[in-house]
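# okay, predicted coordinates and the sequence, questions at the end:
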Amino acid sequence: MQNFSRRAAVAGGLALALLAGCAQLGPSAPARPMGASQAPVGGNCDAQGAQWAVGKSGTARVVEEARVRAGARMARVLHQGRPVTQDFDAQRLSLEVDGSGKVVAARCG
């Protein structure tokens with residue numbers, strides 16, 4: 001009888017440990033895409049903050065830094081001479097680059 005009581009206590013303890021472990025598991029935060037910025041998402045664009053990028057190479061790092069400094073939600077690179085949508089988005093930074101890839105203008109829209 002004592003052996004049965006000991007087994008029951010051990011089994012009950014294991015069951016509680018398993019339940020406690022499961023209770024700690026919960027939905028995790030969605031994974032961020034690889035290379036996604038940890039910088040703030042932003043809101044309305046203020047192109048003044050992105051003017052430092054003019055004259056720099058339009059690399060992904062420069063574009064992201066300009067987006068963050070401008071407080072914009074998103075950024076796009078416009079290549080001179082290529083067609084571009086004319087829709088205005090107050091949360092978007094537009095960086096215009098020349099043929100060599102240098103930023104020549106930073107504006108919102």
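Yep, it's here. Please read these numbers as outputs of a predicted model, since none were measured by experiment.
# only C-alpha atoms for contact and neighbour calcs from this point on.
Will do.
# looks to me like Gln48 is in a strand.
No - using DSSP: H, G, I helix; E, B strand; the rest coil, the assignment for Gln48 is helix, not a strand.
# quick one: low-confidence ranges for this protein?
Within the chain, the set of residues satisfying pLDDT under 70 comprises 1-41.
# quick one, strands of it?
74-79, 92-97, 103-108 (DSSP state E).
# can you tell me which of those strands is nearest to Ala47?
strand 103-108 (5.0 Å; CA to CA).
# report how many residues lie close to the residue nearest to Asp46 when sequence neighbours are not counted.
Spatial nearest neighbour of Asp46, excluding adjacent residues (CA to CA, 6 or more residues apart in numbering): Ala70 at 4.8 Å. Ala70 has 27 neighbouring residues, counting by other CA atoms under 10 Å.
# quick one, what contacts Ala70?
Ala70 makes contacts with 45-50, 93, as judged by CA atoms under 8 Å, 6 or more residues apart in numbering.
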